[in-house]
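Undergrad: sequence? don't have it. structure:
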């Protein structure tokens, strides 16, 4: 995740449905020292995408991934 630091990122963490997942609260704590702008912890991808659409401007990029 460190390469993302060069961008003005806004992070939305979404809880995975995979049985052995890591809780988003735990991930948020683990990356806190990287000083990312974590704007939302969500429980599903629909809510995460809706939030991203609301904050994304015409020059922005929306990227999805998993840890």
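TA: Okay, I see it. A quick note: this is a predicted structure, and the numbers were derived from the prediction, not measured.
Undergrad: alpha carbons only for contacts and neighbour counts from here, please
TA: Will do.
Undergrad: pretty sure residue 14 is in contact with residue 39, am I right?
TA: No - applying C-alpha atoms under 8 Å, one finds residue 14 not in contact with residue 39, separated by 11.2 Å.
Undergrad: Look at these two and report which has more neighbours.
TA: residue 14 (20 against 13; other C-alpha atoms under 10 Å).
Undergrad: Can you give me every residue that contacts that one?
TA: 24, 41, 42, 43, 44, 45, 48 (C-alpha atoms under 8 Å, 6 or more residues apart in numbering).
Undergrad: what helix or strand is the residue nearest the centre of the chain on?
TA: What sits nearest the mean C-alpha location of the chain, by C-alpha atoms, centre = their mean, is residue 12, with 2.8 Å. Applying DSSP states H and E as the criterion places residue 12 in strand 10-14.
Undergrad: which residues touch residue 34?
TA: For residue 34, the residues meeting the contact criterion (C-alpha under 8 Å, 6+ apart) are 2, 5.
Undergrad: scratch that, residue 38 is what I was asking about
TA: Under the criterion of C-alpha under 8 Å, 6+ apart, the neighbours of residue 38 are 10, 11, 12, 13, 28.
Undergrad: farthest-separated two in the residues you listed?
TA: Farthest pair in the contacts of residue 38 (C-alpha to C-alpha) is 10 and 28. Separation: 12.6 Å.
Undergrad: coming back round to it: are any of the contacts of residue 38 buried, and which?
TA: Neighbour-count burial (16 or more other C-alpha atoms under 10 Å) applied to the contacts of residue 38 gives 11, 12, 13, 28.
Undergrad: In this structure the second one contacts residue 50, no?
TA: No - contact status for residue 12 versus residue 50: not in contact, 10.7 Å apart, counting by C-alpha under 8 Å.
Undergrad: And the top helix by length along the chain, what's buried?
TA: Longest helix in the chain by number of residues (criterion: DSSP state H): helix 45-55. Using 16+ other C-alpha under 10 Å as the test for burial, helix 45-55 gives 48, 52.
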